[in-house]
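*Asks:* Kindly generate the corresponding structure for this input.
(chains A and B)
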Amino acid sequence: MNHQYKARIYVTLRPSVLDPAGVAVESGIGQLGIANVKQVRIGKYIELMLTAADENQASDQLDRICDQLLANPVIENYRFELDEVQVQLGVST
Amino acid sequence: MKFGIVVFPGSNCDRDVAYVTQELLNCPTRMVWHEQTDISDLDVVVLPGGFSYGDYLRCGAIAQFSPIMSHVIAHAKQGKFVLGICNGFQVLTETGLLPGALVRNRDLHFICDRVPLKIERTDIPWTSAYATGDMITLPVAHGEGRYYAHTDTLKALEDGNQIVFRYANSSGEIDETSNPNGSVNNIAGICDRTGKILGMMPHPERASDPLLGSVDGIKLFHGLLAFMNQQRLQPV
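*Replies:* Residues are numbered from 1 along each chain as shown, chains lettered A, B, ... in the order given. As a prediction, the model looks like this:
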C-alpha cells in the first residue's frame, strides 16, 4: 500500500437523459452573442487521492466508488484518469 | 401498528409525518435517528421529505449509506411497509428498493404547488381507501422530481401495474400539459412488485389535517390502517 494516486473522475449524464441545466446554459451562451454553440451538457468533476498497492487495485476501488456512490448508473456514466503521485521525502504513508 | 420516521441530517418533513401518525391517527410513532440500527419494533418505516445530507452529490445519494438504511432494506425484505415521500422517494431509488431515478425538473423550476393526481390502482393497502381513477390534489415541493427510468424498466413498471399516482389535469387527463416536472409517463408515485414499498413525490402528510385545507392525503394512511386491522381480525 505504498503507491499514491490522484484520480480525476468525470461523471456525465447518459445521452438519453434530458439536461435542462445544459439547455439553460446553452441559451446563456446565446445571450453572450455566441451563436455557434450547441449540445451543452453539464456533468461533475471529482478529484481524490488514493493509496493502493498498484494501479489495478486503485482502479478496481475507483470502479466500486463510482458505481455505488459517485455516479448513478440509471442516469449517469463515468470515467476516470489515474496518475501516480510521488510521495514526498520525509512523509510516511 | 407502529410507525418509525427516519431522520437524516437535513430531513425537514419528519415532524409533519409524526404529527399525522401520532396526533391524527393515534398510532404509536417514534423518530429514528439515521445512526440507529434496531427497528425490529416497527411495522411501517417512513423516509420523509427534506434535503438529506444537503442533497450533496445527488438527492438521496449519501443517505443510502447511512447506518439505518441496511436495516430499512432488511425491514422491506421481510415484507413490511416502507413509504418514501419526496426526498424519501429519492432515497428509495438510490438504494434500489424502487427502480428508476429522480432528476432535475424539466423546466428547472423548484415547483411548490398543489397538483392534481390520478390514483391508478387501489388494490394495494396504501391506496385501498381511494377509488381507482379518483382524482386528488396534493402539495408538491421539489426541484428534482422528474421521474426517469430506462425504456425497459418503464415497460416492466407499466406491465406490472406499479404506477400508483400520475400527474393529471383536474379532469383526469394525463398529458404533457398536466405534467409539472417532465416525469416519464407522468409518474408521480410507484410501488414495488409486492405493493408494500411506496415512493411518491407529492406530500400526503401536508394534506391530512383539515386545518390545512385538504384531507386528500390522509386516506393513504387510513387505507393502510384498515388493511392492518383487517389482517389482525382474520382467524389464523
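
*Asks:* Under a three-state scheme, what state does B:Arg30 occupy?
*Replies:* strand (DSSP: H, G, I helix; E, B strand; the rest coil).

*Asks:* what's the burial count for the residue of chain B found nearest chain A?
*Replies:* Taking CB to the nearest CB, chain A has its nearest neighbour within chain B at B:Ala101, 4.3 Å off. The way it works is simple: take the backbone N, C-alpha and C, and place the C-beta from them, glycine included. B:Ala101: 24 surrounding residues under other CB atoms under 10 Å in any protein chain shown.

*Asks:* list the contacts for it?
*Replies:* If you count contacts by CB atoms under 8 Å, 6 or more residues apart in numbering or on different chains, B:Ala101 has them with A:Asn72, A:Val74, A:Ile75, B:Thr93, B:Glu94, B:Tyr147, B:Tyr148, B:Ala149.

*Asks:* redo that, cut-off 10 Å
*Replies:* With CB atoms under 10 Å, 6 or more residues apart in numbering or on different chains as the criterion, the residues that contact B:Ala101 are A:17, A:72-76, B:58-60, B:90, B:93-94, B:144, B:146-150, B:153.

*Asks:* which stretch of helix or strand covers B:Cys223?
*Replies:* Rather than Cys, residue B:223 is Gly. helix B:218-233 (DSSP states H and E).

*Asks:* and that helix, which residues are buried?
*Replies:* Of the residues in helix B:218-233, those with enough neighbours to count as buried (16 or more other CB atoms under 10 Å in any protein chain shown) are B:Ile218, B:Lys219, B:Leu220, B:Phe221, B:His222, B:Gly223, B:Leu224, B:Leu225, B:Phe227, B:Met228.

*Asks:* still on that earlier bit, tell me which entries of the contacts of B:Ala101 lie within strands.
*Replies:* A:Glu76, B:Arg146, B:Tyr147, B:Tyr148 (DSSP state E).

*Asks:* The third one pairs with what?
*Replies:* Read it as B:Tyr147. With DSSP bridges applied, the residues forming beta bridges to B:Tyr147 are B:Leu102.

*Asks:* and B:Gly143, how many neighbours does it have?
*Replies:* Using other CB under 10 Å, B:Gly143 has 16 neighbouring residues.

*Asks:* Pretty sure it sits against B:Phe110.
*Replies:* Yes - in terms of CB atoms under 10 Å, B:Gly143 counts as a neighbour of B:Phe110; the distance is 4.1 Å.

*Asks:* With that, I have no additional questions.
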